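[1] requesting a structural model of the entry that follows:
(2 chains)
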Amino acid sequence: MRHIISVLLENEAGALSRVAGLFSARGYNIESLTVAPTDDPTLSRMTLVTIGSEEIIEQIKKQLNKLVDTVKLLDLTEGRHLEREMMLIKVRAAKEDREELKRLTEIFRAKIIDVTGTSYVIELTGTSQKIDAFIQAVPEGLIVEVVRSGPIGIARGEKGLTL
Amino acid sequence: MELSGAEIIVQALIDEGVEYVFGYPGGAVLHTYDALFKQDKVKHILVRHEQAATHGADGYARATGRCGVALVTSGPGATNAITGIATAYMDSIPMVILSGQVPTPVIGSDAFQEVDTVGISRPCVKHNFLVRDVHDLALTIRKAFYIATSGRPGPVLVDIPKDVTDPYIRIPYHYPKEIKLRSYNPATKGHPGQIRKAVDLLLQAKRPVIYTGGGVILGEAARSLRELVDLLGYPITSTLMGLGAFPMTDPRFLGMLGMHGTYEANMAMHETDVLIAIGARFDDRVTGKIEQFCPHANIIHIDVDPSSISKNVRVDIPIVGPVGSVLADMVRLIREAKAGPDQAALQDWWRQIEAWRGVKCLAYDRNSPLIKPQFAVETLYQVTGGDLYLTSDVGQHQMFAAQFYPFDEPRRWINSGGLGTMGFGLPAAMGVQLAYPEANVACISGEASILMCIQELATCKQYDLPVKIILLNNGYMGMVRQWQEFFYESRYAHSYVDALPDFVKLTESFGHVGMRVDQPGDLEGAMREAFAMKDRLVFLDIVVDPAENVYPMIEAGKGHHEMHLSPERELA
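    As a prediction, this is how the structure comes out:
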């Protein structure tokens, strides 16, 4: 099953490589990983998407917790949560395709953020499925490149993953 | 007090109460060595290869329970140390490794003797640090010792660039006594509800087995374990790493379990209905085929490391906590319990176990004209009367020692169990002998293993370490040869150690005493002579039967009940 795990890490040099190294050394699957400092500059928050059996996920969480740099960990998938991913997508926008691309952008509540005579860059935020759906919807042959941030997530309700 | 970085390192070691640093100098640690030179509180042991620095620190740590310390230079100094660091990591040994690094301004420029030590060591340390600022140095060393010695212990490496040790940059020194890390909080107590559940299950058991590992020794829990066994009267078995936590001469001890464990221990594992695993990690050499592991058992598992629990084998009652405190809680609850164990069931169970014991799975040919390796270990026990710290290298001799030398105290049996590092034995013995200068310390080894760190004979000479080397010389990498005999139709691919040195002359050239024995009748006399030489290192080259195999044996991937016994003892 797919799990989204949020980890608060000490914002130390090498903390990210400890996590990446753990996944490769133990053969765990890693779908995506995003990391950035939080409002507290001594802490980084990492969002990991991984897929595995319940036993493997349990081990992944234990091994992540065992890292000396890990301050706190939460498996968002265990509760109600919100999940967002951002995509920047560059598409060929020749005259005959422009209307269709603009319509798609509106339907998905995306934004065109760069325009040239022959291309658009479109920004889209949403769940991973929504982003998949947008990519599917772009007419064949028009995609130049796709950049996805990987999902980030947060639990619903008033409780926070803080110190 | 204003100190330079180099002096801070030395003063921090003094403040940690460090007796010995095992090390080897080089460019990046010259300032530190200069600071070491100017004091006499911390003694430096000059090894002849950095692998031996880490094994020496490791042996010291295993024998004493204190943190071992190694000091190596950058680049090859650090890479040579890695094998010893990984060895300590696999067996959860507390160790701090201080490595020199090229100066901070040139890090990343492929400078002379530069490697990414933090990167290379990351997968085989509990934690590591790169100190970029001398102001962080004292606190980082304090953190390193705290992390290495608390929770599930392990090696911690501190990489220190040369400019951070600059003798001309002096700063105020403060070494914190207490330290707290918000991201690191090892368990200090087991969950009372879980402990109660475990005790209830234990007291209902009909065919219980206590299975203990190195964690009992690391957690200083041998006394509580003995109380538990005394209260319950249950059979107990141990992993290779746990030998000595419970007296091996006690009739309740079934011998080691696992791949080369005893018939009675493995059969008891297969038939048990309640298994309590204490400070053990269900290693593949212990469990055999996971699907067939303890098929009838409810399993209790006590471990200070939550990630050890349900990693390989799903357990029913996990208890996360220090083994010593959890066992003490259990002992108290059992004393308070209204009813004790089911004595009738226990009697039946012991009757069954005695029947398995009757198989005498460790029997070997005592009339052989050749020295049998088992006989050599038994003679070693006879001669030393159990009053011995025995380090081991890796292979057949290691298994024979585990089977035939009954340790009655913890920290007496010192071997590389997890990583299986050939070359561990001799440098580890140096660490033990330094810790206990008056004690009998021996290293059991094979002619292949011993050559991997043979240069340490020089270190032993320099520091007058009277280690006794018990070499079981069969001319082969015995365990490799055994597997080739069993699984490769006796094609002995490169397991014959051709062109061996004359070990007697070799030893003498280092200034020690060498002796060679090839007759069973001469062995005891030679050993007595060797141990009588209290202040000399004696290398006993014992020519043993080259064809002997270690039995019983469970093939990799088989169940506990599928043991091979020795040919004379194979069950019908």
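[2] identify the residues contacting the least confident helix or strand in chain B by mean pLDDT?
    Using mean pLDDT, DSSP states H and E, the weakest-scoring helix or strand in chain B turns out to be helix B:284-287, at a mean of 90. Helix B:284-287 is contacted from outside by B:239, B:240, B:257, B:258, B:259, B:261, B:280, B:293, B:312, B:313, B:556, using Cβ atoms under 8 Å, 6 or more residues apart in numbering or on different chains. Using the backbone N, CA and C atoms, a C-beta is placed for each residue, glycine as well.
[3] name the surrounding residues that touch the next helix or strand after it.
    Sequence order places strand B:298-303 as the next helix or strand after helix B:284-287, per DSSP states H and E. The contact list for strand B:298-303 (Cβ under 8 Å, 6+ apart) reads B:152, B:190, B:198, B:201-202, B:215, B:273-281, B:308-310, B:313-321, B:323, B:326-327.
[4] how about 7 Å then?
    In this structure, residues lying in contact with strand B:298-303 by Cβ atoms under 7 Å, 6 or more residues apart in numbering or on different chains are B:198, B:201, B:215, B:273-279, B:309, B:313, B:315-321, B:323, B:326.
[5] and that strand, which strands flank it?
    strand B:274-278 (parallel), strand B:317-320 (parallel) (DSSP bridges).
[6] need these in CSV (columns: mean neighbour count, distance to residue B:520 and mean pLDDT).
    Listed next are the strands paired with strand B:298-303 as CSV, based on neighbours: other Cβ atoms under 10 Å in any protein chain shown; distance: least, Cβ to Cβ, whole Å; pLDDT from 0 to 100:
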stretch, mean neighbour count, distance to residue B:520, mean pLDDT
strand B:274-278, 27, 39, 98
strand B:317-320, 22, 48, 97
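[7] which parts of the stretch 451-572 of chain B are helices?
    Assigned by DSSP state H, counting those that start in this stretch, the helices in the stretch 451-572 of chain B fall at B:456-462, B:478-487, B:503-509, B:520-532.
[8] so for chain A, which of the ones you listed sits nearest?
    Among these, helix B:478-487 comes nearest to chain A, with 25.4 Å by Cβ to the nearest Cβ.
[9] buried set for the closest one?
    Neighbour-count burial for helix B:478-487, counted by 16 or more other Cβ atoms under 10 Å in any protein chain shown, picks out B:478, B:479, B:480, B:481, B:482, B:483, B:484, B:485.
[10] could you do stretch B:30-46 as well?
    Taking 16+ other Cβ under 10 Å as the criterion, stretch B:30-46 shows B:30, B:31, B:32, B:33, B:34, B:35, B:36, B:42, B:44, B:45 as buried.
[11] quick one, phi/psi of the fifth one?
    In other words, residue B:34. Backbone torsions of residue B:34, given as degrees, to the nearest 10, read phi -60, psi -40.
[12] find the nearest non-adjacent residue to it, please.
    Spatial nearest neighbour of residue B:34, excluding adjacent residues (Cβ to Cβ, 6 or more residues apart in numbering or on different chains): residue B:6 at 6.4 Å.
[13] kindly report the same for residue B:226.
    Nearest to residue B:226 is residue B:246, by Cβ to Cβ, 6+ apart, at 6.3 Å.
[14] touching, that neighbour and residue B:253? I think so.
    Yes - counting by Cβ atoms under 7 Å, residue B:253 is a contact partner of residue B:246 at 5.8 Å.
[15] between those two, which contacts overlap?
    In contact with both residue B:246 and residue B:253: residue B:236, using Cβ under 7 Å, 6+ apart.
[16] what pLDDT, on average, does the longest strand anywhere in chain A get?
    What stands out as the longest strand in chain A, according to DSSP state E, is strand A:81-92. Strand A:81-92 shows an average pLDDT of 97 in the prediction.
[17] list the buried residues for that strand?
    Buried residues in strand A:81-92 (16+ other Cβ under 10 Å): A:81, A:83, A:84, A:85, A:86, A:87, A:89, A:90, A:91.
[18] which residues touch that strand?
    A:4, A:101, A:118-128, A:131, A:138, A:142-156.
[19] where do the helices sit along chain A?
    Ranges of helices within chain A are A:15-25, A:54-66, A:95-107, A:128-137, based on DSSP state H.
[20] likewise for the stretch 151-300 of chain B?
    Remark: helices assigned in the stretch 151-300 of chain B by DSSP H, counting those that start in this stretch are B:192-204, B:214-218, B:222-232, B:263-271, B:284-287.
[21] chain center to the second one, what's the gap?
    Centroid separation for helix B:214-218 versus its chain: 10 Å, with Cα atoms, centre = their mean, to the nearest Å.
[22] neighbouring contacts of that helix?
    So helix B:214-218 is contacted by B:91-92, B:153, B:222, B:225, B:239, B:241-242, B:245, B:278-280, B:303-304, B:323, B:410-411, B:417 (Cβ under 7 Å, 6+ apart).
[23] rewinding a little: among the contacts of helix B:284-287, who's most crowded?
    When neighbours are taken as other Cβ atoms under 10 Å in any protein chain shown, the top entry among the contacts of helix B:284-287 is residue B:261 (31 neighbours).
[24] contacts only, for the nearest residue to that residue once chain neighbours are set aside.
    Once flanking residues are discounted, residue B:261 sits nearest to residue B:255: 6.4 Å by Cβ to Cβ, 6+ apart. Counting by Cβ under 7 Å, 6+ apart, residue B:255 makes contact with B:237, B:261, B:262, B:264, B:265.
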